[in-house]
Each structure stands twice: as structure tokens, then as C-alpha cells.
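A.B. asks: Dropping a prediction and its sequence here:
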Amino acid sequence: MVGTIVFSKRDKLFFLSLLPLSISLLAVLVVSVTTIALRSLDAFQHFGLALFASSIWNPEREVYGLLAPVIGSLTTSAIALLTALILSIPLAITIAEYLQGALKSVVSSIVELMGGMPTIVYAVWASQYLVPFLKQFAMEPLHSALPFIPLFSCRPVTGFSVFAAGVAIGISIVPYVTTLILEAYQSIPVMYREACYGIGATRYESIKILLSLARPAIIAALVLGFARALGETTIAVTTVGNSMYLSSCLFAPGYTVSALIASQFANAYLYQYAETVLYSSILVVVLIAIALSFYGSTTIVRWRLRVVV
Amino acid sequence: MYSWRKLREKLFTCLIIALSVLAIAPVLHIILTVFANGFAVIAKAGTSFFTDLPPTPLSKEVGGIAPSIAGTLLMTAISLPIAVTLGLFAAILTAEFPSNPLSLAVDAIAKSLASIPTIAVSMIVYTLVVVPMKSFSALAGAVALAVIALPYTYTYFSTALRSVPSVYREAAFAIAMSRWGAVVRVLIPVARKALTTGVLMTVARVMGETAALLFTAGRFRTGVSFSPTAPVDAIPLLIFDYILSPYTVWHQVAWGATALLLLAYLMVFLATKLIVKEVRL
Amino acid sequence: MFAVEMNNVSVYIGDRQILKEVTLRIPYNTVFVIMGPSGSGKTTLLRVVNRLIDLVEGARVEGFVKVLNFDALRSDPYELRKYIGMVFQVPNPFPHLTIYENVAVAAKINGVAKSKRELDEVVKWALEKAMLWDEVKDRLYDYPHQLSGGQRQRLCLARALAMKPRLLLLDEPTANIDPVNARKLEEAIVSLKDEVTVVMVTHSPHQAARVADYVAVLYDGRVVEQGPAQQLFLRPSTEVAQKLLRGEI
């Protein structure tokens, strides 16, 4: 008798026994997002979208403007993305194409090590070493050479800035993005590499062709990296300068949403709207992060189905 | 013509390798500087670094980070079982019923959960646990850590269970094992090395987490506390507070604590590598 | 003299010896077919010619191989491969490139054509030679997955031709295709020998009989017999060749 497979009673019981605890993930997600949404409601009702039109943090007078932190989050993440783009793709290619044997495992392990390292370690190192280094070797030279470009128009006083935060966060997401790109690149079936050799391509030409084959997955990896950069807190707090001043110059101190929250949430209960405003700011970040992650993951899955199968 | 092609090839290779070295350089520099600075501090303080309380801002002595160590251990001990159990059950579900829509949903949910910024988790647990309890606590911190660890345990365990060759499951059913029997006696034991690695990597993640504890743990540094319902400190939290402060002695303590944390992380990482080495089938 | 010369070539993969002291001469501008039962080492033999054997873990090659005036084993394989096109058993057109781009990329990277006009010409020429032009001329910007298996293989042939190779290697090109498309492919192959030297591997003696000028019979890693096709098919001198032609092995 041909038909669909019917689960036996025992299978059903097994399934049901797993259900309660597995649903926990769903419950956690729902509770989390709901809490954030509910706690932000007050702010939206009271201030509306004007909340994002200015850059002020004045809880005593209950005046708030989240423009600087939101722009700051987006800018630092963009710079982080650029850093990851420049460093991760070469690293992934090097591991996939130019390394073999022991050296390959060592370098892969180093990437893994980097990926799991607590971000507070990055934060401490960045604030004490990276920022001064960037100030001296990147920000000051750029400022003196190209001051007419608005991005470089201010003189870096301490080095703590959107630029420094972006580079620091970028360094911290390099292992994550590299791993994603490497996995995608290595899952390209051998037959396409053979096809490259079968038309006389050099190694460089083959890499170009294979990279273009993997392009959707690489873009997805960068999107996922951006989403991760958005949520980064400890590195941001220690490097961004914590200033509500919004300027077009990358070398001036600024804020990110997570840095603002880290600095101000603890005292927020003293005021009427401070807490709910902070919730609304993180709501924006959470929604963007979840949406981008979703897009990134499904793109990679779809790409895999098309190419790897 | 020919030599231009070769030259382009060589330039490309050089550029790629140079950028790769640049990509790896920071981590090496981090490890060097953290250990150099941190061990100098710990060496000066001696074993009291692990037993004493943190110093006052203007003190000459470095003191110790005992409260932070205790807090980190306590919260890890509470959060780990929660995250491991929930993650394991969810992983068993998706491994045993891979095409069920619920399994696909769980996968997607885990990914979404992982993309929530950890500071958001801190805020949420603050609202849901700290405020009702009217106090910061190790429990609140542990809950926040568990929430963050959950997608990680799920993903590690799910990969581990899915990599068990189906021949073993088939063999289990061929001798009339029940579903749960097959899971407990075959699936999990065969995957134990990967599962253990997953647990260890989760430990590494949890002990280094800072943002989740900002509004939940409480920063109690004036004594060592092992009570789950009282405020408590944690190593990453101490580092965070002290490195942002303007006091030199606190910076020193921060370096020492960072070195300790890094060392612990490296040891856990090494342990996972050693476990995998044994899986030479 | 000869497009390909092999002297006492042995190939080991790990501990196993796949090819045993193979000696072969492949004349220019012919269709040279390597026949033999499965597992006899035909694919390995082919992959030695364009050094694709390098991709196999633990592979070792001994002996002397001359390919188009290269000392194949000691030359830079990437240099060597610029003159050799290969079509594989399973069609592998690049899925992310259109039909046009698949053919064009081979011409571009080998400097066969530079301007758009030149590329258009080469693409048309290659697709015509592969007997695919009529079927795709109105949909050059479609993607390979919209083609049938047989069409995809002819696309791969066009791609290999677009690089204007001196030598064309075909590894059981019709193994995964329907008979109608297989015939079209065979017709295309035979028509190529004026421009290119063709080396083809097949396990079907019938196919060999249809296309070959010269044949080598491979059995258990050894060349058992080689010579002009007509001669070998009419009067096979070894027992192995006879059994092969009768379909017994």
C-alpha cells in the first residue's frame, strides 16, 4: 500500500517529549523581542519619530535625540565591514588556495582562536594600543593630507572616534566573516575548478572565476558581519569616544547605540523617559540585525542549493 | 605578453598574502601585549591576585580579583546546565526530525537569536528579572548568559548530532531500540567528542561575555559572594569598568584580569583541539 | 613529430600503481581514442597529459611525457594547460555565467579575443563547431541550467574550443548523455581534427569505431595494443583487444 509515511505512536510520543524544551528557543526569542518592543512603546508614543531627528542626551530635562548614536552605529559598522572586506577575502583565499598541511591547520586554528576570543580582550587592546596607533599612522596623516574632505576634516585629539571604533570592530569580525567565506569557497564542487583548468586558466584566473561563482555567498557573509558589528558593545564603548556630538568627520568622538546604552542605562531608572528611549534605540538595532541575519543566512542556503548540489 | 601575465600572477599572490598576514597580525599582537602587561601585574601581586579584593582607586597595591573570579565561576556554573539542556533537546529534535517544519523553524530561530546584540539581552533580563527581584544578582546574570549561550549550544550540538553517520542509527533500530534509547545509547555517545567540544566552546563564550552582565550581575566587588540571589561581580565586568576608569592602579588590575581571562580562554581552546585529535577514526 | 609522446610512464596513487610503463605516440591532427574497461586507468592517463593529476592527493608520476614540445612533467602546469582544452565526463559549465559568458571566458583569459566584436565571433565559431549554435543562438544570455544535459556538454566543448587549443582532451564525454546528443557530439569531434589534435577516452568500442583514427587499448594500467583504428578493429592482434571488441570485458 503506497502512501505517506505515517508516524507510529511511539514516534509521536518521542516528538512530544522533545517539544517543551525545544520550544524554549522560540519562547526566548518571542519574549525578548516583545519585551524590547513593549518597553520602547512609551518613547515612541511620547516623542514619536522626532526621537531620531537630533542628537541630545539630557535626561534631567527629558530631552532626547538619538541621531548621533544611530548614525554612529551604522557608520562604525560600515567601516568594520570595509575592514573585514579588505582582510577576510584574502585570508580566506590564502587558506583555501595557498596553504597546505600543517601550516593550513595552524592558520585555520588561529582564525578559530580569533573568532572565539572574548570581545573585552579586543576592547582592552584596542583602547590602549590600536587607537594611539591609528591616530598616529592613519588619522593624522589623512587629516593633514586631505583636510578638504569632510570625512577627514577634524584633527584627531585623542584618537577615540567613529573611525577607530569601526576599525577595531572590523578586526574583531574578521574571523567570523573569514570562516563564512572559507566554508562557502571550499564547498564549491571540484568539477568547477577542473573546468577552470580545462580552459587553461592560471591559478589567479581560476581564483577569480571561483570567487565570482561564490559572490552571493561572499556578500551574504559581509551582510552577516555587518549585523554582528551593529550589536558590538564592549569594543565600541572603549574606542568610540562616547560623545553625542554628531559630525561628518570620522575622526571625531561619537557614539553608537550600544555604547550609549552601556553608559546611560544604569542611571536611566532615575528619570522618566530615559529607559524607554534607550529601549527604542536598541529596538531599531535589533530589528535591523535580525533582518540582515535572516537575509544573509537564507542567501547562503539558497546559494548552496544552487551551486553545491 | 607572457611575462606580463606571470608578473600579474606574482603581484596578486604577494598582495593576497600580505593582506592575510595583516589580518592575522592583530591577534598575535593582542596575545603578546596582554600577556606582557598582565603577567607583569600578576607577578608583582603574587598569588594574592586570586585571593584579595580589588584595590581602592589611589592604592599602591594591586590587590586581587577574588570577587570577580568567584562570580564568573558561579554564573558559569548556573547558566551552563540551562543552556546545555535546552540546546541539547532542541538539537535532538532537529536531528531526529530533520524535515519537520518545526525543526526548520528552530534552526531559523536560533540564527535570529544569535543576532540579537548582547546588550539587548542585558536590558531584557534587567526588566524581567532584576526589577521584580529588586536587586541585581548572580541569577540574573546567569539567565542573561544562558540566553546568549542558547543559540551556540544548539548550533554546536546540532552539527555534532547531524554528523553521526546514519548507519549507526539504522543499526540501533535494527536491534529494536526505542527512539530515546537510540538517542541516549547511540547518537549521543557516538557524538560525544563533538558535543564536549560544543560545551567547552560555550564555556569560553560565557566566561568572556561582558555586555550581558552590565545590568544584571551587579558589580559587587567588596566581598566574595557565592549566593545566587545577591549581586556579584565577573571578570569581564571588572575589566570593563577598570579599563574605562582614569586610575592607574585599576588599569593594572584590568591588564592582569585580561591576561587571566585570555589564559583561561586559550586553555579551553587547546582542550577542544586535544579532544578532536583523539577522534582519529 | 607527435603531439603527445609517453615513454614508460607509471602513475602511483598512494600505494596503488594505476599506470604501468605506458608508452604511447599520438600524431598531430588525429582523433586518438583510448579504450579499455572500467578501472583500466584511462582517465588517469588523460590527466597526466594536462597535469590535472596534480590535483589528486598522493599521486606520483614516473617516466617521460612530451606534450606539444613541453616536457610535461617538469614544465609549469599552468603554462602547459594554456594549450590544452579538456571536456569532462560530467558536464560542468559555470552555473553563474550565461551561455555566452561560459564560452567567452575561455577566449578572454587566453587572449584569443579582446574586443566585444572579436569575442562575439569566437563565441559563434566555437558554438558552431560544437554543433550547438542553432539551438542557442537566440538565447545566448540564458543560463546553463536551462539547457539539457547533452546541450550542456556541447557547451563545454564550445568552451574548450574557444581557447583555440592545440590539443583537446575528452574524458568519456558522452557517458552521461542521451544517444541523440551523443551522436551530435561525436560528429562535432570528428570535424575538429583539422584544427586540433583530439585525445578521447571511452569505454565503448562502438564509439571508438565511429570516431577514431588511432586507438590504444588500455587494460589494467598497461597499453596492450595501439595502432591505426581500421587495422585494430579489423584484425585485433591481442586477446584483450579481441575480448574488448566482443564486449566480453
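C.D. replies: On my side now, so go ahead.

A.B. asks: Over to the residue of the stretch 51-200 of chain A found nearest chain B: give its phi and psi.
C.D. replies: Among the residues of the stretch 51-200 of chain A, A:Pro118 lies nearest to chain B; the distance is 2.4 Å by C-beta to the nearest C-beta. Placement of C-beta: from N, CA and C, glycine included. The main-chain torsion angles of A:Pro118 are listed as degrees, to the nearest 10 and equal phi -60, psi 130.

A.B. asks: And for it, nearest residue in space, chain neighbours not counted?
C.D. replies: Distances taken as C-beta to C-beta, 6 or more residues apart in numbering or on different chains place B:Gly208 nearest to A:Pro118, at 2.4 Å, with adjacent residues excluded.

A.B. asks: correct me, but that neighbour touches B:Pro236?
C.D. replies: Yes. Checked against C-beta atoms under 8 Å, the pair B:Gly208 and B:Pro236 is within contact range at 5.8 Å.

A.B. asks: got the contact list for the residue nearest to A:Pro118?
C.D. replies: Residues in contact with B:Gly208 (C-beta atoms under 8 Å, 6 or more residues apart in numbering or on different chains) are A:117-121, B:236, B:261, B:265.

A.B. asks: on that earlier part again, quick check: neighbours shared by B:Gly208 and B:Pro236?
C.D. replies: Where contact means C-beta under 8 Å, 6+ apart, the residues bridging B:Gly208 and B:Pro236 through contact with each are A:118, A:120, B:261.

A.B. asks: okay, these in JSON lines with pLDDT, neighbour count and distance to C:Gly227 next?
C.D. replies: Conversion of those to JSON lines gives the following (pLDDT from 0 to 100; neighbours: other C-beta atoms under 10 Å in any protein chain shown; distance: C-beta to C-beta, whole Å):
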{"residue": "A:Pro118", "pLDDT": "95", "neighbour count": "24", "distance to C:Gly227": "72"}
{"residue": "A:Ile120", "pLDDT": "96", "neighbour count": "28", "distance to C:Gly227": "76"}
{"residue": "B:Leu261", "pLDDT": "96", "neighbour count": "26", "distance to C:Gly227": "75"}
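
A.B. asks: Relative to C:Lys20, which of those is nearest.
C.D. replies: A:Pro118 (58.4 Å; C-beta to C-beta).

A.B. asks: so how far is A:Tyr197 from the residue in the stretch 151-300 of chain A that chain B sits nearest to?
C.D. replies: For the stretch 151-300 of chain A, the residue positioned closest to chain B under C-beta to the nearest C-beta is A:Gly231, at a distance of 2.8 Å. From A:Gly231 over to A:Tyr197 the distance is 43 Å, taken as C-beta to C-beta, to the nearest Å.

A.B. asks: So if I had to pick from those two, which one is more boxed in?
C.D. replies: Between A:Gly231 and A:Tyr197, counting by other C-beta atoms under 10 Å in any protein chain shown, A:Gly231 is the more crowded of the two (28 against 23).

A.B. asks: Excluding chain neighbours, give the residue nearest to the more buried one in space.
C.D. replies: Residue nearest to A:Gly231 in three dimensions, not counting chain neighbours: B:Pro117, with 2.8 Å by C-beta to C-beta, 6+ apart.

A.B. asks: How about the contacts made by that neighbour?
C.D. replies: Neighbour list for B:Pro117: A:230-233, A:258, A:282, A:285-286, A:289, B:211 [criterion: C-beta under 8 Å, 6+ apart].
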